[in-house]
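A.B. asks: kindly generate the corresponding structure for this input.
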Amino acid sequence: MTRREAVIRALRHEETEILPYHLELTAQENDRVAAATGEKDFAAHTGGFLHYMQYWGYPTERSDRPLYFTDDFGVTWNRSGVDRDIGVIDSPVIREPDLSLYPAPYLNEKRIREECERLLATADDRFCFAGIGFSMFERLWSYTGMEDALYYMAAEPAFVHGMLDRILAFNLSVIDIFNEYPFDAVYFGDDWGQQHGMIMEPRLWRKFLKPRMAEMYARAKKNGKFIIQHSCGDVEDVFPDLIEIGLDCYQTVQPEIYGLARIKEKYGDKLAFWGGISTQRDLPVRTPEEVRALVRETADVMRPGGGYILAPTHAVPQDVPPANILAMLDECRRESVRLVR
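C.D. replies: Numbers count the residues shown, from 1 in each chain. From the prediction side, this is the model:
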């Protein structure tokens with residue numbers, strides 16, 4: 001069985017002797033692990049089952065300030081702080097609810113296609129997919145700032161609908177490009193949750209986001225692709241909605257938020273889950289042996305009946321000791337071939 005076949009069977013909720021796993025690191029954590037192991041691109045040599053890229057918007061303009069750049073959407077990002085992978089917006093592009101201020105994004109089709117072709121050329125036998133990061137709500141607030149985006153959802157609904165329609169139209173163009181390639185899935189990144197509950201009320205998510213997510217899912221499923229949705233935090237209120245509109249796999253399932261046994265029992269026959277090893281509660285503070293035990297315990301809860309990809313809940317941040325990364329990876333490899341019990 002290839003790694004791709006193992007993931008497909010997991011997403012179809014088939015329990016097999018092979019448990020898929022995946023590991024990715026933030027740039028700073030990769031540097032720490034590389035220094036400890038001598039492996040410059042450590043994450044690329046972990047034997048993981050997934051191979052993917054996210055379109056975030058490419059840099060179109062470099063700043064004279066180090067680690068600042070402006071992307072295809074006209075948003076300037078600051079990566080000079082703690083987060084060197086995504087960063088924070090330098091300042092809002094849209095400061096009032098006026099659709100005429102919307103900067104039409106640049107669809108860099110040539111570069112997107114180059115990324116798709118490079119991804120497929122290096123996939124080996126892995127499950128291969130492409131995605132859109134900041135796919136809806138996050139793209140809205142990258143233009144306006146988080147506080148104003150939430151205010152506009154409550155007080156300026158016509159503006160929000162107009163903005164999201166423009167974001168949707170752009171995303172559909174990107175999905176149409178993805179659909180020309182033999183990817184196994186399309187991935188959408190969009191954070192809706194906080195530690196307890198959602199960032200916005202579920203009724204607002206259903207009003208503004210659900211119909212547009214449904215349209216993106218439907219477009220991506222035209223070629224039989226699986227749909228994978230990332231959201232940090234607690235979004236259980238909308239799990240039934242996501243299932244209704246066609247979601248196959250939810251990432252990332254955080255044990256400090258959901259309780260793995262409970263959500264596996266409640267949704268495990270309808271949703272596949274990717275994650276489960278906490279980068280918040282466990283990996284930074286446990287011993288390597290405790291990490292090993294945690295990986296085994298998590299696999300025991302989540303693997304029955306299929307529908308699970310064993311992984312940290314996020315790209316591992318820079319506060320995790322390299323010894324814990326190595327222990328987790330070694331145990332993931334063991335779990336991936338452990339016989340079904």
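
A.B. asks: can you give me the strands in this protein?
C.D. replies: Ranges of strands in the chain, per DSSP state E, are 50-55, 59-62, 68-71, 76-78, 88-89, 127-132, 185-189, 226-230, 249-253, 272-277, 308-312.

A.B. asks: least reliable of the ones you listed going by mean pLDDT?
C.D. replies: In terms of mean pLDDT, the lowest-scoring of the strands of the chain is strand 59-62 (a mean of 79).

A.B. asks: surely residue 178 touches residue 220?
C.D. replies: Yes: at 7.1 Å, residue 178 counts as touching residue 220 under the criterion of C-beta atoms under 8 Å. For the C-beta atoms, the positions are set from N, CA and C on the backbone; glycine is no exception.

A.B. asks: can you list residues touching both of these two?
C.D. replies: Contact criterion C-beta atoms under 8 Å, 6 or more residues apart in numbering; residues shared by residue 178 and residue 220: residue 186.

A.B. asks: the two: which is more packed in?
C.D. replies: residue 220 (29 against 23; other C-beta atoms under 10 Å).

A.B. asks: list the contacts for the more buried one?
C.D. replies: 175, 178-179, 186, 227.

A.B. asks: mind redoing it with 6 Å?
C.D. replies: Counting by C-beta atoms under 6 Å, 6 or more residues apart in numbering, residue 220 makes contact with 175, 186, 227.

A.B. asks: please name the nearest non-neighbouring residue to the second one.
C.D. replies: Put plainly, it is residue 186. Excluding the flanking residues, the one nearest residue 186 by C-beta to C-beta, 6 or more residues apart in numbering is residue 220, at 3.8 Å.

A.B. asks: roughly how far does the one you found sit from residue 261?
C.D. replies: 31 Å (C-beta to C-beta, to the nearest Å).

A.B. asks: apart from its neighbours in sequence, what residue is nearest the most centrally placed residue in the chain?
C.D. replies: Nearest to the geometric centre of the chain sits residue 230, at 3.8 Å (C-alpha atoms, centre = their mean). Nearest residue to residue 230, sequence neighbours excluded (C-beta to C-beta, 6+ apart): residue 189, at 4.3 Å.

A.B. asks: the one you found is in contact with residue 133, isn't it?
C.D. replies: Yes: applying C-beta atoms under 6 Å, one finds residue 189 in contact with residue 133, separated by 4.1 Å.

A.B. asks: pLDDT weak spots in the protein?
C.D. replies: Within the chain, the segments meeting pLDDT under 70 span 338-341.

A.B. asks: could you give me the buried positions within the helix ranked longest in it?
C.D. replies: As assigned by DSSP state H, the longest helix anywhere in the chain is helix 157-178. For helix 157-178, burial by neighbour count (16 or more other C-beta atoms under 10 Å) applies to 159-161, 163-164, 166-168, 170-171, 174-175, 177-178.

A.B. asks: next: stretch 261-270.
C.D. replies: Quick answer for stretch 261-270 (16+ other C-beta under 10 Å): 263-264, 267-268.

A.B. asks: so which of those comes closest to residue 314?
C.D. replies: residue 263 (17.3 Å; C-beta to C-beta).

A.B. asks: skipping adjacent residues, who's closest to that closest one in space?
C.D. replies: Per C-beta to C-beta, 6+ apart, closest to residue 263 is residue 253, 6.8 Å.

A.B. asks: so that neighbour makes contact with residue 274?
C.D. replies: No: Residue 253 is not in contact with residue 274 according to C-beta under 6 Å; the separation is 7.1 Å.

A.B. asks: so which residues make contact with the longest helix of the chain?
C.D. replies: With C-beta under 6 Å, 6+ apart as the test, helix 157-178 has contacts from 55, 97, 99, 102, 105, 107, 112, 130, 132, 139-140, 152-153, 186, 208, 212, 216, 219-220.

A.B. asks: restricted to buried residues, select the residues you listed in ChimeraX.
C.D. replies: Burial among the contacts of helix 157-178 is assessed by 16+ other C-beta under 10 Å; the matching ChimeraX selection reads:
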select :55,97,102,105,112,130,132,139,140,152,153,186,208,212,216,219,220
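
A.B. asks: taking the contacts of helix 157-178 one by one, which sit in helices?
C.D. replies: 112, 139-140, 152-153, 212, 216, 219-220.

A.B. asks: still on that earlier bit, any idea how many residues pack against the residue nearest to residue 230?
C.D. replies: Neighbours of residue 189 using other C-beta under 10 Å come to 21.

A.B. asks: ditto for residue 321
C.D. replies: 18.

A.B. asks: which stretches in the stretch 201-341 of the chain count as helices?
C.D. replies: For the stretch 201-341 of the chain, the helices defined by DSSP state H, counting those that start in this stretch occupy 202-204, 210-220, 239-244, 255-258, 260-267, 288-302, 322-336.
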